[in-house]
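Peer 1: Generate coordinates for the sequence data below:
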Amino acid sequence: MMKNKGRVEVNRELCKGCYLCIHACKKGVLSIDETPAALGVYPVKASGTACVGCGNCYVVCPDLCITVYCEEAE
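Peer 2: This next block holds a predicted model:
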């Protein structure tokens, strides 16, 4: 059985720090970045390899600053 393998990219400068995506991520891939963006907001960052590419974070993001890549992995 093939499992999905995903990767998330967050545009730091578009993220306003609402953190809806963090709550939507069932795999705990997203967290708050310790470094503020240019406007002083602490954006979301993606880390780890647990992403399955479900797209929940993308769906809830009001600013379209998240891109999800998905591929099949063995």
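
Peer 1: Assign a three-state SS to the residue nearest to Cys25 when sequence neighbours are not counted, would you?
Peer 2: Nearest non-adjacent residue to Cys25, counting by CB to CB, 6 or more residues apart in numbering: Cys57, 5.4 Å away. Placement of C-beta: from N, CA and C, glycine included. Classification of Cys57 using DSSP: H, G, I helix; E, B strand; the rest coil returns helix.

Peer 1: so how far is Glu71 from Ile22?
Peer 2: 23 Å (CB to CB, to the nearest Å).

Peer 1: Between these two, point out the one with more neighbours.
Peer 2: More crowded of Ile22 and Glu71, by other CB atoms under 10 Å: Ile22, with 16 against 10.

Peer 1: Now that one: phi and psi?
Peer 2: phi -60, psi -40 (degrees, to the nearest 10).

Peer 1: Kindly report the same for Val68.
Peer 2: Backbone torsions of Val68, given as degrees, to the nearest 10, read phi -120, psi 130.

Peer 1: How much space separates it from Thr35?
Peer 2: Taking CB to CB, one finds Val68 at 22 Å from Thr35.

Peer 1: any weak-confidence spans in the chain?
Peer 2: 1-3, 72-74 (pLDDT under 70).

Peer 1: Which stretches in it count as helices?
Peer 2: 20-24, 56-60 (DSSP state H).

Peer 1: Just give me the neighbour total for Tyr19.
Peer 2: If we define neighbours as other CB under 10 Å, then Tyr19 has 16 of them.

Peer 1: show me the contacts for it.
Peer 2: Ile32, Val44 (CB atoms under 8 Å, 6 or more residues apart in numbering).

Peer 1: now swap in Arg7 and tell me
Peer 2: So Arg7 contacts Ala46, Cys51, Gly53, Val68, Tyr69, Cys70 (CB under 8 Å, 6+ apart).
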